[in-house]
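Q: fold the following and give me the result.
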Amino acid sequence: PGMDFIASYGEIGICQTVPPGMHPGSDVAIMGLLGYPPEEKYTGRGPIEAASRGITLRPEDVAYRCNLVTLKFEGKDLIMEDYSAGHISTEEAIELIESINRNAATDKIEIIPGVSYRHILIWRGGSGGLHTYPPHDLLGKSIWFAFQSYDEEPYLKEFIIKAIEILEKHPINQKRKMENKPPANAIWPWGQGRTPELEPFEEKWQLKGAVISAVDLIKGLATLAKMKVIEVPGATGYLDTNYEGKVDAAIEALKEHDFVLIHVEAPDEVSHEGSLELKIKAISEFDRRVVRYLLEKVVEVTDKYRILVCCDHLTPISIRTHSTKHVPFAIFDSTRHQEKKKDIKFCEKTA
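A: Modelled structure (predicted):
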């Protein structure tokens, strides 16, 4: 009902967030939504996430996004069973990463622990020229062809193999297997690059901007654009996130900012899982606990506002990964006092 209200009283349409030939990730899409042309500015996912952690990269350093993943043998094939190691807890993940660093890191290469399965691999003076594959694009598929791309950089590949050996024997993974949970039995570096240069958001648009997200990628874009990053307790990047807390933080931020981006990751995550039931739940929760709650709360701050609802990219359940096709959006402007045109459902078909 919340998104339908915005569509019925506002405008609805489609937009292309991923430029032709570019990978349809949130990094590319949200960079574009914030007004920075990805085809000119984008260098890779890793350095954006590194920026969100306050990791300083020298010009010659490369940052990789590094997932903890679950690999499984099926006959002679090694399959990407889970790109998130069963959404492993942050506590377990940190212990695993620390064990890898103790036993395999060097003065050139190490992993900086993050949240759940999402981490950053830093390679000082390393190579950014590999063709790597996002693990969520390999779900249920053999990973041999993708793993061979690391052959071009023996130093990195040796580190990956050492990490796999450490993870395979680790007590946390032994315990996860006994509990029938996916073990985090491998690391998967991808999305590498050097630090991009973004013009400050306020200088570019003459608007003071803030960002609310649980995801390092989005917070990193904000950091690079010198926007305020607002941390919300209980924001997880999954179905159990603190939806209302994000809205409350946005309402507070609007007292001093012109523009606030509230980012919710749950619909994307459950799409990767291939669950229709959880995707419906994620969209319903977003509508009830973000959109409708925001419509109720924003009038306490101002009667002049615009609300835009938009996906960064599509993640169809049928393919369980990202799509480059255009996305639907709806925008409502309180100052126009638009009459309700008709009952419009916010969906791809109507858009």
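Q: which helix or strand lies directly C-terminal to whichever strand or helix holds G220?
A: Per DSSP states H and E: G220 is located in helix 216-224. Sequence-wise, the next helix or strand downstream of helix 216-224 (DSSP H and E) is strand 228-230.
Q: show me where pLDDT drops low in this structure?
A: 337-338 (pLDDT under 70).
Q: ok, longest strand in this protein?
A: Counting residues, the longest strand found in the chain (DSSP state E) is strand 62-74.
Q: I'd guessed I187 sits against I164; true?
A: Yes - I187 is within contact range of I164, at 7.2 Å (criterion: Cβ atoms under 8 Å). (Glycine included, C-beta is placed from N, CA and C.)
Q: compare the two and say which is more crowded by neighbours.
A: I187 (27 against 15; other Cβ atoms under 10 Å).
Q: surely the more buried one is in a strand?
A: Yes - under DSSP: H, G, I helix; E, B strand; the rest coil, I187 sits within a strand.
Q: that one and W123: what is the separation?
A: 13 Å (Cβ to Cβ, to the nearest Å).
Q: Three-state assignment for the spatially closest residue to K181 that is not a sequence neighbour, please.
A: Excluding the flanking residues, the one nearest K181 by Cβ to Cβ, 6 or more residues apart in numbering is G86, at 5.1 Å. With three-state DSSP as the basis, G86 sits in coil.
Q: returning to that earlier point: quick one: strands adjacent to the longest strand of the chain?
A: strand 77-82 (antiparallel), strand 118-123 (antiparallel), strand 186-193 (antiparallel) (DSSP bridges).
Q: which of the ones you listed sits closest to K279?
A: strand 77-82 (17.4 Å; Cβ to Cβ).
Q: buried stuff in the closest one?
A: 79-82 (16 or more other Cβ atoms under 10 Å).
Q: next: stretch 208-226.
A: Buried, per 16+ other Cβ under 10 Å, within stretch 208-226: 209-225.
Q: do stretch 67-76 as well
A: Neighbour-count burial for stretch 67-76 [16+ other Cβ under 10 Å]: 67-71.
Q: could you dump it to CSV, C-alpha only?
A: Listed next in CSV are the C-alpha coordinates belonging to stretch 67-76 (Å, rounded to 0.1, in the frame of the first residue of the first chain):
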residue,chain,number,x,y,z
ASN,A,67,33.4,-13.3,0.6
LEU,A,68,33.5,-16.2,3.0
VAL,A,69,31.8,-18.9,0.9
THR,A,70,30.8,-22.6,0.9
LEU,A,71,32.2,-24.8,-1.8
LYS,A,72,31.0,-28.4,-2.2
PHE,A,73,32.3,-31.3,-4.2
GLU,A,74,29.7,-33.0,-6.5
GLY,A,75,31.6,-35.9,-8.1
LYS,A,76,34.7,-34.2,-9.6
